[in-house]
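>>> Dropping a prediction and its sequence here:
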Amino acid sequence: MEIKDMRAFYAIVEEGNISHAAQRLDIAQPALSRQMKRLETALGVQLFERGSRRIRLTDAGRVMYARVEHILGMVDGTVREITEIGSGVAGSVRIGTITSSGAMLLPELITEFHSRYPNVTYQIWEAEGSRILELLDNRVIEIGVTRTQVDSKVYESIVLPNEPFVLIMNKNDEIGEAKDTVRMEELKDVPIIIPLRWQSVFVSNCHKLGFEPNVVCVSDSIVQDLLLAKMDMGMALVPISSKNLLTDGNLIYKKLIEPEMSTHTVVAWLKNRTLSSSSEHLINLFREMYLSEGTEGGRG
């Protein structure tokens, strides 16, 4: 199996159908279809389920996709590392990020970085935390921005300062006696929308105060949580950085207190791997702009 076959297979899976993949690869659709048939024949397995409008992978296809993503990540990363040696800060930075941290950090960070190194381009993946680490492991990206705890034996990391949780609410349904804060006990009977990763801590804190929270939705997507709050389904519990995603003037936020909840962002990259010069400089800028003394981790 040649690299060109891997790239063709990967493009088909990523695009979801052969016609879009053919456009991306700048080849004719019939030629791409024949290439995949030859690949399946050579491997002796069926990679795609037939008869579906959108590409679906067989079990063999899913294994193939995971391996191909890893191999292409290593190939592309190696080429970048070699070609950038001695060439200064250029090329492309490949970053993976979760939504809330990306919205808080990346626009300002990339704007500043671009002003210093205008020849660098950017590739940004957005996903949930475990997927970001998977992309990092497969070398599809060089830098991961997540809230997931990382293994210090595998990754170098920067742990950014803690940020508190806030409640996003419609100003017409505002709760809390204070102007800028809301106490946990004031949430009794209030419909709450909460990201899955923080549900157990939130529920436990409510139980300690003697009430069962009215959790109407648990979601892995902070963007969806904010949209549901906008639709007045409930109040969204999110990290304060998520306020940067607010575009509706009817939505306000208040810091959650008594007890306060907080989280932090982790910037991670693989240990024992040579980063591109552009990624090295971007990590240094992370430190310069966001790192407080005593917050660097993952050096074990």
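In hand now; what should we look at?

>>> Let me know the helix or strand that the closest residue to residue 138 other than its chain neighbours is in.
Among residues not flanking residue 138 along the chain, residue 70 sits closest, at 4.2 Å (C-beta to C-beta, 6 or more residues apart in numbering). All C-beta atoms are positioned from the backbone trio N, CA, C, and that covers glycine. Element membership of residue 70 [criterion: DSSP states H and E] is helix 59-84.

>>> what pairs with whichever helix or strand comes after that helix, and is each one parallel or antiparallel?
Using DSSP H and E, the next helix or strand after helix 59-84 towards the C-terminus is strand 92-97. For strand 92-97, the pairing partners within the sheet under DSSP bridges are strand 121-126 (parallel), strand 143-146 (parallel).

>>> Ok, which of those comes nearest residue 25?
Minimum separation from residue 25 across the strands paired with strand 92-97 (C-beta to C-beta) falls at strand 121-126, 17.4 Å.

>>> Could I get the pLDDT score of residue 292?
According to the prediction, residue 292 has pLDDT 55.

>>> for the one 4 residues further on, same thing?
The predicted local distance difference test score for residue 296 is 53.

>>> just to revisit the earlier point, quick one: the helix holding residue 70 to chain centroid distance?
The gap between where helix 59-84 is centred and where its chain is centred comes out at 19 Å by C-alpha atoms, centre = their mean, to the nearest Å.

>>> For that helix, name the packing helices and strands.
Contacts of helix 59-84 with other secondary structure elements, assessed using 3 or more C-beta pairs under 8 Å, 6 or more residues apart in numbering; DSSP states H and E, are made with helix 3-15.

>>> Contacts only, for the spatially closest residue to residue 46 that is not a sequence neighbour.
Once flanking residues are discounted, residue 46 sits nearest to residue 58: 5.3 Å by C-beta to C-beta, 6+ apart. Taking C-beta atoms under 8 Å, 6 or more residues apart in numbering, we find residue 58 in contact with 45, 46, 47, 48, 49.

>>> Among these, name the buried ones.
For the contacts of residue 58, a neighbour count by 16 or more other C-beta atoms under 10 Å gives the buried set as 47, 48.

>>> For the contacts of residue 58, name the two members farthest from one another.
Applying C-beta to C-beta across the contacts of residue 58, the maximum distance is between 45 and 49, 12.3 Å.

>>> My guess is residue 156 contacts residue 271. True?
Yes: with contact taken as C-beta atoms under 8 Å, residue 156 and residue 271 are classed as touching, separated by 5.4 Å.

>>> So those two - more neighbours on which side?
More neighbours sit around residue 156 than around the other of residue 156 and residue 271, counting by other C-beta atoms under 10 Å; the figures are 20 against 15.

>>> Can you pull the phi/psi pair for residue 27?
Comment: the main-chain dihedrals of residue 27 come out as phi -130, psi 170, following degrees, to the nearest 10.

>>> pLDDT score assigned to it?
89.

>>> Report the backbone C-alpha coordinates of stretch 190-206 in CSV.
Only the C-alpha atoms of stretch 190-206 are listed here, as CSV (Å, rounded to 0.1, in the frame of the first residue of the first chain):
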residue,chain,number,x,y,z
VAL,A,190,-33.6,26.0,38.6
PRO,A,191,-33.2,24.1,35.3
ILE,A,192,-29.4,23.5,34.7
ILE,A,193,-27.5,22.7,31.5
ILE,A,194,-24.1,21.3,32.2
PRO,A,195,-21.1,19.7,30.4
LEU,A,196,-20.7,16.0,31.1
ARG,A,197,-17.2,16.3,32.5
TRP,A,198,-18.4,18.5,35.4
GLN,A,199,-21.7,16.9,36.2
SER,A,200,-20.6,14.7,39.1
VAL,A,201,-18.8,17.5,41.0
PHE,A,202,-21.8,19.8,40.5
VAL,A,203,-24.3,17.2,41.7
SER,A,204,-22.1,16.3,44.6
ASN,A,205,-21.9,20.0,45.8
CYS,A,206,-25.7,20.3,45.5
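
>>> buried set for that stretch?
Using 16+ other C-beta under 10 Å as the burial criterion, the residues of stretch 190-206 that qualify are 190, 191, 192, 193, 194, 195, 198, 199, 202, 205, 206.

>>> Just the pLDDT at residue 133, thanks.
At residue 133, the pLDDT recorded in the model is 91.

>>> right, and it touches residue 147 too?
No: with contact taken as C-beta under 8 Å, residue 133 and residue 147 are classed as non-touching, separated by 11.3 Å.
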